[in-house]
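Chemist: Predicted coordinates and the sequence they were generated for:
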Amino acid sequence: MLDSGNLTSSYDSSGLHENPTLAVHSDLQVLRSASSGPALRTGPLELPSKVLTASPQRWTPRYVACLIALDTLALMLGGLAAGLLRFDSVGGTVLGIEYSYVLLATAPAWILAMATARSYERRYLGLGSEEFRRVANAAARFTALLAVLVFIFRWSITRGLVVLTIPVAAVLTLLFRYLARKVLHRLRRTGAASHRVLVVGDGSSRDWLVHRLQSAPYCGLRVIGVCRPTSRSADGGVSVEHIHRMVTALQADTVAVAHSPSVDPEVLRRIAWSLEGSRVDLLVAPALTDVAGPRVNIRPVSGLPLLQVNEPHLSGVRRLAKGLFDAVVAGTALVALAPVLAAVALAVRLSGPGPALFRQVRIGRDGREFLMYKFRTMHPDAEQRLSELLDDNDHGDSVLFKMRDDPRVTRVGRLLRRYSLDELPQLFNILRGQMSLVGPRPPLPREVSRYARDVHRRLLVKPGLTGLWQVSGRSDLDWEESVRLDLYYVENWSVALDAEILWKTVWAVVRGSGAH
C-alpha cells in the first residue's frame with residue numbers, strides 16, 4: 001500500500017519530474033491546499049498546496065435525504081394550499097379520511113415517482129437542467145397515474161383538489177431543489193460536498209482538464225492529483241495496475257481521464273477494469289469539447305462505442321418558436337417597463353449634454369448590419385476619444401475593448417451599466433427581429449473585421465440582449481472566454497438553455513457584478 005504522505009513531486013510547464021520519495025511510481029502530482037505551504041506552479045495552472053488526506057465526504061446520502069425531506073414538504077404544502085382553497089380549512093375529508101392523513105399517505109408515492117424518474121441520482125444533482133426536467137416529468141407521470149386510479153376505482157375525489165395540489169407541489173419542489181442547489185454550490189466553493197478527483201493523462205490535454213475543473217468549483221469535482229499512465233514500466237509513468245492503489249492512497253472517489261497520447265484504447269480499458277467494484281466513478285473527457293449532451297449520442301459499431309455528434313439546429317420550427325417568444329416577451333416587457341424607460345431616459349437627458357438614446361451600428365445574423373439602441377452612458381465625444389485609450393484596454397490587444405475605469409462614462413451611466421438598464425432599449429431591436437432575448441454579444445463592425453475564421457460562427461444566430469457571457473462574468477471575461485461561451489451557445493442552443501440563461505440573468509443583474 002502506498003503511503004499518501006510520501007506522494008509528492010514537482011511539476012512545472014515542462015511536465016512532471018520524478019521524485020525518489022514515491023515508493024512505487026514517481027509520475028504522480030499531489031495537489032495541496034494553501035493552508036500548508038506555497039502553491040505549486042504548474043505552468044498555466046496555480047494549484048493549492050496541502051495533501052488532502054481526509055476521507056471522502058459522504059455528502060451524497062445526506063444531500064439526497066435533504067431532497068427527499070424537501071420534496072415531501074413541497075407535497076404537503078401544495079396539498080394544504082389546495083385544501084384551504086377547497087375546504088376553506090385543512091380539516092376536510094377525502095373518501096371519508098381526514099385530508100391531512102391522505103396527504104401523508106400520498107407522500108411515499110410522490111417520493112417514489114421522483115425516484116423512478118431518477119431525480120435523486122448523483123450524476124444529475126447540482127448541475128444542468130436535467131434534474132429539474134426529471135422532477136417535472138415525475139410530477140406529470142404522478143398526475144397521470146392518479147387520474148387513472150381515480151377512474152379505475154371510481155374514487156369520489158374533487159377534480160379541483162387534484163388540479164391544485166400537484167401543480168403547486170411541483171412548483172414548490174422545483175423551487176426547493178433550486179435553493180438546495182444554491183446551498184450545495186456554496187458548500188462546494190469552500191471545498192465541501194465535492195468529489196475527490198484523480199486526473200489521468202499528460203500534456204496540454206491534462207492541463208486543460210485540470211484548469212477547467214478548478215475554474216468551476218461549483219461542479220463538485222475537486223482535483224487532488226494527476227498522473228500519466230503507461231502500459232510499460234520503462235516509460236517512467238504510472239502503470240495502469242497501480243492506479244487503483246493511488247486512488248486508495250489519495251482517497252479519491254473519481255478518476256477523470258484526459259484525452260492524451262498516453263491514454264490509448266488499451267490503457268483506458270485496463271483503467272476501467274482496475275476500478276471495477278471499487279465504487280469509483282470513471283469520467284472520460286472526449287477530444288471534442290463544448291458540445292452539449294443533447295447533440296451527442298452513442299452509436300455502437302463493431303463493439304466500439306462511437307460518439308455521434310448531431311448538427312446544431314439553427315433553423316426550422318424551433319427558430320420560428322424562438323422568434324415568436326422573443327416578440328411576445330419583448331412587447332410585454334416594453335409595456336410593463338414603460339415607466340422605467342421614461343424615468344431612465346429623463347435621468348440620462350438631465351445628466352448632461354447629449355441625447356438620451358445612443359445609436360450604434362452592430363453586426364447581426366449572417367453578418368447583416370443593424371442600428372442598435374441603448375441608453376447613453378458616455379459623454380457625447382466618447383467615440384472620438386477611443387483612440388486615446390486603446391493602450392489602457394483591460395484585454396490588451398484583443399478584439400474587445402473594455403476599460404474598468406473608463407473616463408468617458410458618466411456618473412449616471414455607471415449606475416445604468418451596473419444594473420444593465422442601459423440595455424433596455426434593445427427590446428425595440430428584438431421587436432424588429434434584429435436581435436433575440438438570448439444570443440451572442442452583438443459585435444461592432446471593427447470587431448468582426450478582426451475575427452478569426454472560426455469566430456464567424458457567432459454570426460449564425462441573432463445577437464442577444466443577454467447570453468452566456470452575461471451570466472458568466474459579463475465585462476470581467478477575457479476575449480477568448482467570451483468567444484468560447486458564444487460559440488458554445490451557437491452549437492448547443494435549446495429552449496431549456498434559453499430559459500436557464502434568462503433565469504440566471506435576473507440574478508446577475510440584481511448582483512450587479514462584473515459590469516463596467
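Modeler: Perfect, I can see it now. Numbers count the residues shown, from 1 in each chain.

Chemist: what's the following helix or strand after the lengthiest helix in the chain?
Modeler: For the chain, the longest helix by residue count, based on DSSP state H, is helix 159-189. Proceeding N to C from helix 159-189, the next assigned helix or strand is strand 195-200, under DSSP states H and E.

Chemist: So which bits of that next one are buried?
Modeler: For strand 195-200, burial by neighbour count (16 or more other CB atoms under 10 Å) applies to His195, Arg196, Val197, Leu198, Val199, Val200. Placement of C-beta: from N, CA and C, glycine included.

Chemist: In its sheet, which strands sit next to it, and in what direction?
Modeler: For strand 195-200, the paired strands and their directions (DSSP bridges) are strand 221-227 (parallel), strand 254-257 (parallel).

Chemist: Let me know the angle separating it from helix 159-189.
Modeler: Here the directions of strand 195-200 and helix 159-189 differ by 60 degrees (axes from the mean of the first three to the mean of the last three CA atoms, to 10 degrees).

Chemist: Contacts for strand 195-200 next, please.
Modeler: Counting by CB atoms under 8 Å, 6 or more residues apart in numbering, the neighbours of strand 195-200 from elsewhere in the structure are 52, 56, 206, 209-210, 213, 220-229, 243, 246-247, 250-258, 263, 271, 281, 283.

Chemist: what does stretch 63-78 give?
Modeler: Applying CB under 8 Å, 6+ apart, the contact partners of stretch 63-78 are 103-104, 106-107, 110-111, 114, 120, 125, 164-173, 175-177, 180, 184, 193.

Chemist: Same question for stretch 484-501.
Modeler: In this structure, residues lying in contact with stretch 484-501 by CB under 8 Å, 6+ apart are 129, 133, 290-292, 294-295, 312-314, 318, 321-322, 437-441, 454-455, 457-458, 460-461, 466-472, 477.

Chemist: distance between the ends of it?
Modeler: Start and end residues of stretch 484-501 are separated by 16 Å (CA to CA, to the nearest Å).

Chemist: which of the residues in that stretch are buried?
Modeler: Using 16+ other CB under 10 Å as the test for burial, stretch 484-501 gives 484-494, 497-498, 500-501.

Chemist: Of those, which is the nearest to Arg376?
Modeler: Asp486 (25.6 Å; CB to CB).

Chemist: returning to what we had before: I would like a ChimeraX command selecting only the buried ones among the contacts of stretch 484-501, please.
Modeler: One line in ChimeraX is enough to select the buried ones among the contacts of stretch 484-501; burial here means 16+ other CB under 10 Å:
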select :291,292,295,312,322,437,438,439,440,441,455,457,458,460,461,466,467,468,469,470,471,472,477
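
Chemist: Could you measure from Gln214 over to Val199?
Modeler: With distances taken as CB to CB, to the nearest Å, Gln214 is found 10 Å from Val199.

Chemist: same deal with Lys462?
Modeler: For Lys462, the distance to Val199 (CB to CB) stands at 38 Å.

Chemist: before we move on, what about Leu337?
Modeler: Counting by CB to CB, the gap between Leu337 and Val199 amounts to 48 Å.

Chemist: before we move on, what about Tyr218?
Modeler: 18 Å.

Chemist: low pLDDT regions in the stretch 1-150 of the chain?
Modeler: Regions of the stretch 1-150 of the chain meeting the criterion pLDDT under 70 cover residues 1-57, 86-97, 99, 150.

Chemist: Helices of that one, start to end?
Modeler: Taking DSSP state H, counting those that start in this stretch as the test, the helices found in the stretch 1-150 of the chain are 59-87, 99-116, 130-153.
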